[in-house]
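>>> Sequence plus predicted model, see below.
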Amino acid sequence: MTEKRVAFVTGASRGIGKAIALRLAKDGRHVVLVSRSEGPLSEVKSEIEAAGGSAEVLAVDVGDAKALAAAVEAVATKHARLDILVNNAGITKDGLMLRMSDEDWDTVLDTNLKSSFVASRAAARAMMKNRFGRIVNIGSTSGVVGNAGQANYAAAKAGLMGLTKTIARELGSKGVTANCIAPGFIQTDMTANLPDQVKEGVTAMMAIKRLGTPEDIAAAVAYVTSDEAGFLTGQTIAVDGGMTMC
Ligand code: NDP
C-alpha cells in the first residue's frame, strides 16, 4: 500500500485544478493528475516533484464514463487506497436557453455532472474498504443562484450539490465525507476572456473587493480533504469573496 494519502484530481492541467494539485502535494499527498492531454499534466508533475512532492499523470476524458471509471479503479488498485477524489474538471458552453442546443446541454451535463457521479461511484469501494474518504465536487455559485446564459452549466453545478448531499448520507457511516466547493469568480482561462466591464460588475457585488485566485479555492479543498475535517460533510461552501452569502 502506498504510504501517502492518494488524491485523484481531475482538470489538474491548469487553473483551479492545478492549484489544488500543487496544494495537496505540498500537504503530503501523492497526487494523480487527470485531464485530456498528457503534456500539460507532465509539466504540473515536474513542478510538484521539484518542490519535493510526488505525482503521476493520467490522460482521461472525464466525459468518457467507462474510461473514467476504469482510471479511478486502476489507481485504487495500484496504490491499494484512494483517499481523496476532487471532481474539478469542467467546461462552459454558454448561451441563452432559447438558443441552447441539446448537444451543448448534454456535453456540459456529461462533463460537469455525470463525471462526478461516475468517479465517485468508482472511488467509493476503496474508500469504504479503508474507512476513509474525502470526495470534493467543484460546483459554482452559478449553481446556487443561477446565471443568465448558463442553463446547462448552472443545472450541472446545482446537480452537484444534490449529488454531494446524497453521497454524504450514503457513505458517512463508512468514514467518507463529501462536500461541494462553489467558487465565485476566479481568475483562470475559463474567465480570462470576459470583458473588463463584467469583471468590474462582479467585483462590485463582493464583500471582498477582488477577484478570486485558484489558490483561494485550493485552500478550501485542502481543509475539507484533511484528516481533521471528518465531521464536515454534505456541505456546499461558497468561496466567492462574499458575493452570494447564501
Ligand atoms: P479551466 O478552463 O482553466 O480548466 C479546466 C480544466 O478541466 C483543465 O485542466 C481541462 O484540461 C480540464 N477538462 C476540461 N474538460 C475535460 C474533460 N472532458 N476531461 C478531462 N479534463 C477536462 O477551468 P477552471 O480552472 O476555471 O475551472 C475548474 C473548475 O472550477 C470547473 O469545474 C469550473 O466549472 C469551476 N469553476 C470555475 C470558476 C471560475 O471563475 N474560473 C467559477 C466557478 C466554478 P484539458 O483541457 O487539458 O483536458
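That came in fine, so what should we check first?

>>> which residue is nearest the centroid of the protein?
Centroid-nearest residue in the chain: N88, 2.2 Å away (criterion: C-alpha atoms, centre = their mean).

>>> Look up phi and psi at that residue.
Main-chain dihedrals, N88, degrees, to the nearest 10: phi -110, psi -30.

>>> what does the model give it for pLDDT?
Here the pLDDT value assigned to N88 is 98.

>>> mind listing what it touches?
V9, T10, G11, A12, I16, G17, I20, V136, I138 (C-beta atoms under 8 Å, 6 or more residues apart in numbering). C-beta: built from backbone N, CA, C; applies to glycine.

>>> Residue numbers of the protein in contact with the ligand?
With C-beta under 6 Å from any ligand atom as the criterion, the chain comes near the ligand at residues 10-11, 13-17, 35-37, 40, 61-63, 88-91, 111, 138, 140, 183, 185-186, 188-191.

>>> Return a ChimeraX selection command for the buried portion of those residues.
In ChimeraX, this line selects whichever of these come out buried by 16 or more other C-beta atoms under 10 Å:
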select :10,11,13,14,15,16,17,35,40,61,62,63,88,89,90,91,111,138,140,183,185,186,188,190,191
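
>>> mind checking the longest strand of this structure?
What stands out as the longest strand in the chain, according to DSSP state E, is strand 176-183.

>>> so can I have JSON lines of the contacts of N88 showing distance to A124 and secondary structure?
Listed next are the contacts of N88 as JSON lines, based on distance: C-beta to C-beta, whole Å; DSSP: H, G, I helix; E, B strand; the rest coil:
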{"residue": "V9", "distance to A124": "17", "secondary structure": "strand"}
{"residue": "T10", "distance to A124": "16", "secondary structure": "strand"}
{"residue": "G11", "distance to A124": "20", "secondary structure": "coil"}
{"residue": "A12", "distance to A124": "21", "secondary structure": "coil"}
{"residue": "I16", "distance to A124": "24", "secondary structure": "helix"}
{"residue": "G17", "distance to A124": "21", "secondary structure": "helix"}
{"residue": "I20", "distance to A124": "20", "secondary structure": "helix"}
{"residue": "V136", "distance to A124": "14", "secondary structure": "strand"}
{"residue": "I138", "distance to A124": "18", "secondary structure": "strand"}
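
>>> any chance of those residues in a markdown table, plus pLDDT?
Output for the contacts of N88, formatted as a markdown table (pLDDT from 0 to 100):
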| residue | pLDDT |
| --- | --- |
| V9 | 99 |
| T10 | 99 |
| G11 | 98 |
| A12 | 99 |
| I16 | 98 |
| G17 | 98 |
| I20 | 99 |
| V136 | 99 |
| I138 | 99 |
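
>>> Tell me which two of the residues you listed sit farthest apart.
Between any two of the contacts of N88, the greatest separation by C-beta to C-beta is 13.0 Å, found for A12 and V136.

>>> Could you check which of those two is surrounded by more residues?
More crowded of A12 and V136, by other C-beta atoms under 10 Å: A12, with 32 against 25.

>>> thinking the more buried one is in contact with E43, fair?
No - with contact defined as C-beta atoms under 8 Å, A12 does not reach E43; the gap is 10.7 Å.

>>> and V108, how many neighbours?
25.

>>> Leaving aside the residues adjacent along the chain, what's closest to it?
Closest residue in space to V108, ignoring its immediate chain neighbours: N152 at 3.9 Å, by C-beta to C-beta, 6 or more residues apart in numbering.

>>> Would you confirm that the one you found contacts D110?
No - between N152 and D110 there is no contact under C-beta under 8 Å: 10.2 Å.

>>> Nice, that's everything, thank you.
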